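Chemist: Everything below, folded, please.
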Amino acid sequence: MDEEHEQPSDGDLELLRAYEPVLRLTRGEYFVPVAVEGFVRRSTLWLEGPDDRSTVVASPGALTLDALARIGAGRDGPGLSLSDIGDPRSFWERIGSWFRRGRRPRFRAGSRLAQVGLLGRTIDTLSRLSLLVRGAVPGGSANSSLAAQTDHLRPDRATYYGRVLRDGPWIVCQYWFFYAFNNWRSGFSGVNEHEGDWEQVTIYLDGSGPVDPEGLPPPRWVVFSAHDETGDDLRRRWDDPDVTVVNGRHPVVFVGAGSHSGAYLPGDYLITIVPPSWGGIVPGVRRLAKVFTPWSRAAQGSGLGIPYIDYARGDGSSIGPWQERTWSAVHIDEDTPWVRDYRGLWGHDTRDRLGGERGPAGPRYERNATVRMSWGDPVGWAGLAKVAPNPVAEENLIRRRIADIDEQLGQVEAETERAGDSLASRAAGLGAASPAVRALEPDERQRTAARLEAVRLRDERSRLERALRDGLPPSDPHTHLLHRRLPIHASERGRARVLGAWSVISTPLVVFLIAVLFNPDTYQRWAYAVGLIVIVLSVEAFTRGYFLAFIARVMALTLVLNLFDLYLGSWQIVSYWTLVGVAIVILVINLRDALRR
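Modeler: Predicted coordinates:
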């Protein structure tokens, strides 16, 4: 083991080894988890200045992990960044790195734009154009990083950085993986790309119950890196049928191509990202979509945003126990210097305002140098602080809760009895209309609230007693999920082939329609544009199998517009007869009510 790494505490490395995950990559993936020493040794350490100009703190070859920690300890905040790609390569350097990358395994992409509507495809175009001003990694960086990985980073020695944390009944095993580059955008049509990529897998062991014959605590939950899930949706139960486990202990992670996110099931995943600055625009557009295109993903709340497909097929190489490549394990913890003291970025800092093109921070930190929730509180991060590790522990918690309820009930009942005596004695001898009696109403409402709280506590106690008496009901492994992330169904992939060609030309057509509105030479350009919009939407609806529904809405809208035009032409007569009809209806209702008395 490298002398720069901390020695593990007793049993921690053995525990990490016992449950280390299996990573199954997608065919066509460039990068694998590597050790960070080689990356640090080859990188330039930059410091961002107050005028947005960066200066070199350490040149390539001058850094070790210990040196990086010493420099980082002297700067309590963001501003540092490691980069092995440096300034943009020349044309010939890019060509050279392209030839050095080796033959890439064949990869067949799906049509991500075919999975979303016209609006989503238009948003994607705007996002691509925004890279011109947001800041992006230099072109050819992925090939350069691949050449560096092949020549210097030992891809044959796949490495994870493991950490063990104990929090209450939970023993948390975290596995951190460092990839030299995330080529999601250039390699797999994703929405971002950046040098460096830290991902993780977290396994939650039950430290309160009995151990297995080998003395190991049983696993209960697992979390993979996910770019679109939070809280309860992050975790899956160990016995979840969506989770594949090798030899009973090693969860299988299907790694997203280029993005390196983790999926529980193999396949292609459609994800849409809504830009955070849109504010209230999104709900308004979704309401319009529900009226005019209720079949669209935008109307269903999932298709308004930047679309991409995460390819987590698991049909490439695999890393882990009993796989073609096994793990080299390195133990880290809160006292590992380079983890604790270096708060900068592990990749080129493009200063992208949206963050997608900037290098990531390390396992412990966010890009702004604050501690990651997944590091500082992995139990709360996965929503497990409220979950009992096993049925026996849950039954004990129920008994404790019943005891707490009994104590609260005693206090509430004593308070309400005192409050009732006080109210009655203060109102005695006074008339009900007395101002002093009326002033007691807030105290009476407070007593009523306490009585209702006592009723609620008794109901809760009855439910808990019933659970102890009848036993805890079996729970579905997906009950806790608000959103179960699933791959695109095979039937949708087949339909996507038909939509693929249309998705390619439809967005340029939309841009052309916008251009028509600004062309002064176009005769009746507004009518012309509206007609073309109807045609484009008709083709969109036809390719998605909702042509008749779309035509029905167009006809209904045309009828409404004609009626409105008729009203404008004779609004006085229409208003007169409308008000006369309303007056007759009101008269009939009033007469009916009078005759019923």
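Chemist: can you give me the offset of the helix or strand M555 falls within from its chain's centre?
Modeler: Using DSSP states H and E, M555 falls within helix 547-569. Here the centre of helix 547-569 is set off from its chain's centre by 40 Å, with Cα atoms, centre = their mean, to the nearest Å.
Chemist: tell me which residues in the helix or strand that comes right after that helix are buried?
Modeler: Next along the chain after helix 547-569, taking DSSP H and E as the criterion, comes helix 571-596. When burial is assessed from 16 or more other Cβ atoms under 10 Å, helix 571-596 yields no buried residues. Glycine gets a C-beta too; all of them are placed from N, C-alpha and C.
Chemist: hang on, the earlier thing: mean confidence score for the helix holding M555?
Modeler: Across helix 547-569, pLDDT averages out at 79.
Chemist: and it, what does it pack onto?
Modeler: When contacts are defined as 3 or more Cβ pairs under 8 Å, 6 or more residues apart in numbering; DSSP states H and E, helix 547-569 packs onto helix 281-292, helix 525-543.
Chemist: For that helix, buried residues please.
Modeler: Buried, per 16+ other Cβ under 10 Å, within helix 547-569: F550, R553.
Chemist: what's the angle from that helix to helix 571-596?
Modeler: Helix 547-569 and helix 571-596 meet at an angle of 100 degrees, taking axes from the mean of the first three to the mean of the last three Cα atoms, to 10 degrees as the criterion.
Chemist: Of the helices and strands packed on helix 547-569, which shows the lowest average pLDDT?
Modeler: helix 281-292 (a mean of 52).
Chemist: State the next helix or strand along the chain beyond it.
Modeler: strand 306-312.
Chemist: Listing partners with orientation, what would you give for that next one?
Modeler: Paired neighbours of strand 306-312 in the sheet (DSSP bridges): strand 267-273 (antiparallel).
Chemist: could I have the helix holding M555 exported to PDB, CA atoms only?
Modeler: The C-alpha coordinates for helix 547-569 follow below in PDB (Å, rounded to 0.1, in the frame of the first residue of the first chain):
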ATOM      1  CA  PHE A 547     -53.000  12.200 -34.200                       C
ATOM      2  CA  LEU A 548     -56.800  12.000 -33.700                       C
ATOM      3  CA  ALA A 549     -56.600  13.500 -30.300                       C
ATOM      4  CA  PHE A 550     -54.600  16.400 -31.600                       C
ATOM      5  CA  ILE A 551     -56.900  17.000 -34.500                       C
ATOM      6  CA  ALA A 552     -59.900  17.000 -32.100                       C
ATOM      7  CA  ARG A 553     -58.300  19.700 -30.000                       C
ATOM      8  CA  VAL A 554     -57.400  21.700 -33.100                       C
ATOM      9  CA  MET A 555     -61.100  21.600 -34.200                       C
ATOM     10  CA  ALA A 556     -62.300  22.500 -30.700                       C
ATOM     11  CA  LEU A 557     -59.900  25.500 -30.600                       C
ATOM     12  CA  THR A 558     -61.100  26.600 -34.100                       C
ATOM     13  CA  LEU A 559     -64.700  26.400 -32.900                       C
ATOM     14  CA  VAL A 560     -63.900  28.500 -29.800                       C
ATOM     15  CA  LEU A 561     -62.100  31.100 -32.000                       C
ATOM     16  CA  ASN A 562     -65.000  31.300 -34.400                       C
ATOM     17  CA  LEU A 563     -67.500  31.800 -31.600                       C
ATOM     18  CA  PHE A 564     -65.300  34.500 -30.100                       C
ATOM     19  CA  ASP A 565     -65.200  36.200 -33.500                       C
ATOM     20  CA  LEU A 566     -69.000  36.000 -33.800                       C
ATOM     21  CA  TYR A 567     -69.300  37.500 -30.300                       C
ATOM     22  CA  LEU A 568     -67.000  40.400 -31.200                       C
ATOM     23  CA  GLY A 569     -69.200  41.100 -34.300                       C
END
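Chemist: begin at 10 from here
Modeler: Fine by me, first position is 10 from now on; the one you just mentioned is helix 556-578.
Chemist: Mind telling me which residue is nearest the centre of the chain?
Modeler: The residue lying closest to the centre of the chain (Cα atoms, centre = their mean) is D237, at 1.8 Å.
Chemist: residue contacts, P275?
Modeler: Counting by Cβ atoms under 8 Å, 6 or more residues apart in numbering, P275 makes contact with R33, F263, A321, R322, G323, D324, P496.
Chemist: Please tabulate those in a markdown table, including the columns distance to R408 and neighbour count.
Modeler: Formatted as a markdown table, the contacts of P275 follow (distance: Cβ to Cβ, whole Å; neighbours: other Cβ atoms under 10 Å):
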| residue | distance to R408 | neighbour count |
| --- | --- | --- |
| R33 | 44 | 22 |
| F263 | 41 | 26 |
| A321 | 43 | 27 |
| R322 | 48 | 22 |
| G323 | 44 | 21 |
| D324 | 50 | 17 |
| P496 | 43 | 21 |
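Chemist: Just confirm A338 is within a helix.
Modeler: No - counting by DSSP: H, G, I helix; E, B strand; the rest coil, one finds A338 to be strand, located in no helix.
Chemist: so it touches G171, yeah?
Modeler: Yes - using Cβ atoms under 8 Å, A338 is in contact with G171, at 5.7 Å.
Chemist: Among the two, which residue is more densely surrounded?
Modeler: Under the criterion of other Cβ atoms under 10 Å, the comparison of A338 against G171 puts G171 first, with 23 against 17.
Chemist: Surely that one is in a helix?
Modeler: No - secondary structure of G171 (three-state DSSP): strand, not part of a helix.
Chemist: so what's it bridging to?
Modeler: Y184, H340.
Chemist: Relative to R334, how far out is it?
Modeler: 17 Å (Cβ to Cβ, to the nearest Å).
Chemist: Return the residue of this protein that is most distant from the centre.
Modeler: Distance-from-mean max, the chain, by Cα atoms, centre = their mean: G438 at 65.2 Å.
Chemist: Just the element for it, please.
Modeler: Assessed by DSSP H and E, G438 sits outside every helix and strand.
Chemist: how close does it get to A445?
Modeler: Applying Cβ to Cβ, the value for G438 to A445 is 10 Å.
Chemist: so how far is L279 from the residue nearest to the centre of the chain?
Modeler: According to Cβ to Cβ, D237 and L279 sit 10 Å apart.
Chemist: go on, R456?
Modeler: Taken as Cβ to Cβ, the span from R456 to L279 is 55 Å.
Chemist: likewise T345?
Modeler: 38 Å.
Chemist: now swap in W185 and tell me
Modeler: Counting by Cβ to Cβ - W185 and L279 are separated by 27 Å.
Chemist: One more: G429?
Modeler: Applying Cβ to Cβ, the value for G429 to L279 is 61 Å.
Chemist: Of those two, which one has the most company?
Modeler: L279 (21 against 13).
Chemist: For N399, what are phi and psi?
Modeler: phi -160, psi 170 (degrees, to the nearest 10).
Chemist: burial measure for it, as a count.
Modeler: Count around N399 with other Cβ under 10 Å applied: 15.
Chemist: same question, P30
Modeler: Counted by other Cβ under 10 Å, the residues lying close to P30 total 27.
Chemist: So in the protein, where's the weakest helix or strand by average pLDDT?
Modeler: Least confident helix or strand of the chain, by mean pLDDT, DSSP states H and E, is helix 100-109 with a mean of 48.
Chemist: for the helix or strand hosting L418, packing partners?
Modeler: Per DSSP H and E, L418 falls inside helix 400-436. On a contact count with 3+ Cβ pairs under 8 Å, 6+ apart, helix 400-436 meets helix 444-447, helix 450-479.
Chemist: Show me what counts as buried in the first one.
Modeler: Across helix 444-447, burial judged by 16+ other Cβ under 10 Å covers V446.
Chemist: Where does the prediction get shaky in the stretch 310-459 of the chain?
Modeler: 310-316, 361-365 (pLDDT under 70).
Chemist: by contact count, what packs against the helix or strand containing E23?
Modeler: Using DSSP H and E, E23 falls within helix 21-28. Counting by 3+ Cβ pairs under 8 Å, 6+ apart, the packing neighbours recorded for helix 21-28 are strand 168-176, strand 179-191, strand 203-215, strand 337-340.
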